[in-house]
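> this is a predicted model, with the sequence first.
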Amino acid sequence: MDVDAFVLTHRATWDRLDQLIKRRRSLSGAEVDELVELYQRVSTHLSMLRSASSDSLLIGWLSSLIARARSAVTGAHAPLSRTFVRFWTVSFPVVAYRTWRWWLATAVVFFAVVTVIACWVAGNPEVQSAVGTPSDIDELVNHDVESYYSEHPAAAFALQVWVNNSWVTAQCIAFSVVLGLPIPIVLFQNAANLGLIAGLMFQAGNGGILLGLLAPHGLLEMTAVFLAGATGMRLGWSVISPGDRPRGQVLAEQGRAVVSVAVGLVGVLLVSGLIEALVTPSSLPTFVRVGIGIIAEAAFLAYIVYFGRRAVKAGETGDIEDAPDVVPTG
């Protein structure tokens, strides 16, 4: 692109936008519409110049112009409370709701792997002997698994669980920047570990104990991990198949959606960690502990469906309210 010719062609548009910004308190209705249109158009000009020009002065001036135009178009920033409410009632649930197919597919494949590995371990003494000696396995299935949830103070254990779960989820989110390719590996490793433990526990007749320990917190915990993995893989797929929109625009929107999920899952995993620290090792009957886990999971899914579906009907995508505006270019 000939930058000099581009500047000469569009300079009048930029100057007109500058004039409208300076007169923003006395604009007519038609001039307000013109201001919005020019703001979008000049935003596109800035994007094109950033990729074609190294003139920092020109890019800096246009960036300042766009910032002032955005302030004129959008007005004052929304109160922090409004941003907080919008995040939990729109941004996070609508992204999760729109990702439900990826989310469900991730869960189905994960539990299929867990089941296959658990059956393989339970039915093959050779595999069990490769895992450890009979005494080691006996200690694991009859003591270590159950004591894991009660050997530390509740507060410290809750923090440990939250950090660990957040780390697994953060890996899924972080790997989205490389098209989500490592995410299946991370999920497979966790599925393999769970399948191994399940196979040993069920073979020893302690499958009920394992389910009673995992269900209270595991339903919500694994749902969070599945959502993180699904969102990251969906971002990678959006690069491969962006549809009829520019790949960069789709990638930017999906990238911001990943951030929304990452922030939202911090709260979800905090709840899961508290359940694992306070409910799982408690003296409550197993059916009560499992019931608490089911209620927590049902509440989360109901929250996603209710607010997510409502946001979709309202045309929301979960993108930030002040996302960059552009107009089509030929």
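Structure's in. What do you need? Just so it is clear, the model here is predicted, and its values are computed rather than measured.

> thought Thr106 was touching Thr231?
No: Thr106 is beyond contact range of Thr231, at 9.7 Å (criterion: CB atoms under 8 Å). From N, CA and C alone the C-beta is placed, and that goes for glycine too.

> neighbour-wise, which of those two wins?
The residue with more neighbours, out of Thr106 and Thr231, is Thr231; 30 against 26, by other CB atoms under 10 Å.

> so who does the more buried one touch?
Shown in contact with Thr231 (CB atoms under 8 Å, 6 or more residues apart in numbering): 95, 99, 102, 172-173, 176, 257-258, 261.

> can you tell me the element it falls in?
Element membership for Thr231 (DSSP states H and E) is helix 207-240.

> I'd like to know which elements the helix or strand following that helix is packed against.
Per DSSP H and E, helix 207-240 leads on to helix 247-278 as the next helix or strand towards the C-terminus. Counting contacts by 3 or more CB pairs under 8 Å, 6 or more residues apart in numbering; DSSP states H and E, helix 247-278 packs against helix 92-98, helix 154-174, helix 207-240, helix 286-313.

> ends of stretch 89-107, how far apart?
Terminal residues of stretch 89-107 lie 24 Å apart, using CA to CA, to the nearest Å.

> got a list of contacts for the helix or strand containing Arg11?
Element membership for Arg11 (DSSP H and E) is helix 3-22. By CB under 8 Å, 6+ apart, the surrounding residues in contact with helix 3-22 are 27, 31, 34-35, 38-39, 41-42, 45, 48-49, 52-53, 55, 58, 62, 65, 68-69, 72.

> out of the helices and strands packed on helix 247-278, point me to the one whose mean pLDDT is lowest.
Looking at these, the lowest mean pLDDT belongs to helix 154-174 (a mean of 64).

> lowest-confidence helix or strand of this protein?
Within the chain, no helix or strand scores below helix 154-174, which has a mean of 64 by mean pLDDT, DSSP states H and E.

> that helix: what's the following helix or strand?
Beyond helix 154-174 in the direction of the C-terminus, DSSP H and E gives the next helix or strand as helix 183-203.

> can I get the CA coordinates of that following helix in PDB?
Coordinates of each C-alpha in helix 183-203 appear next as PDB, following Å, rounded to 0.1, in the frame of the first residue of the first chain:
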ATOM      1  CA  ILE A 183      -5.100 -29.500  25.200                       C
ATOM      2  CA  PRO A 184      -6.100 -33.100  24.300                       C
ATOM      3  CA  ILE A 185      -2.800 -34.200  25.700                       C
ATOM      4  CA  VAL A 186      -3.400 -32.500  29.000                       C
ATOM      5  CA  LEU A 187      -7.000 -33.900  29.200                       C
ATOM      6  CA  PHE A 188      -5.700 -37.400  28.300                       C
ATOM      7  CA  GLN A 189      -3.200 -37.300  31.100                       C
ATOM      8  CA  ASN A 190      -5.800 -36.400  33.600                       C
ATOM      9  CA  ALA A 191      -8.200 -39.100  32.200                       C
ATOM     10  CA  ALA A 192      -5.500 -41.700  32.300                       C
ATOM     11  CA  ASN A 193      -4.700 -40.900  36.000                       C
ATOM     12  CA  LEU A 194      -8.400 -41.100  37.000                       C
ATOM     13  CA  GLY A 195      -8.900 -44.300  35.000                       C
ATOM     14  CA  LEU A 196      -5.900 -45.900  36.700                       C
ATOM     15  CA  ILE A 197      -7.100 -45.100  40.200                       C
ATOM     16  CA  ALA A 198     -10.700 -46.100  39.300                       C
ATOM     17  CA  GLY A 199      -9.500 -49.400  37.900                       C
ATOM     18  CA  LEU A 200      -7.600 -50.300  41.100                       C
ATOM     19  CA  MET A 201     -10.300 -49.100  43.400                       C
ATOM     20  CA  PHE A 202     -13.100 -51.000  41.600                       C
ATOM     21  CA  GLN A 203     -10.900 -54.200  41.300                       C
END
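
> sweet, I'm off.
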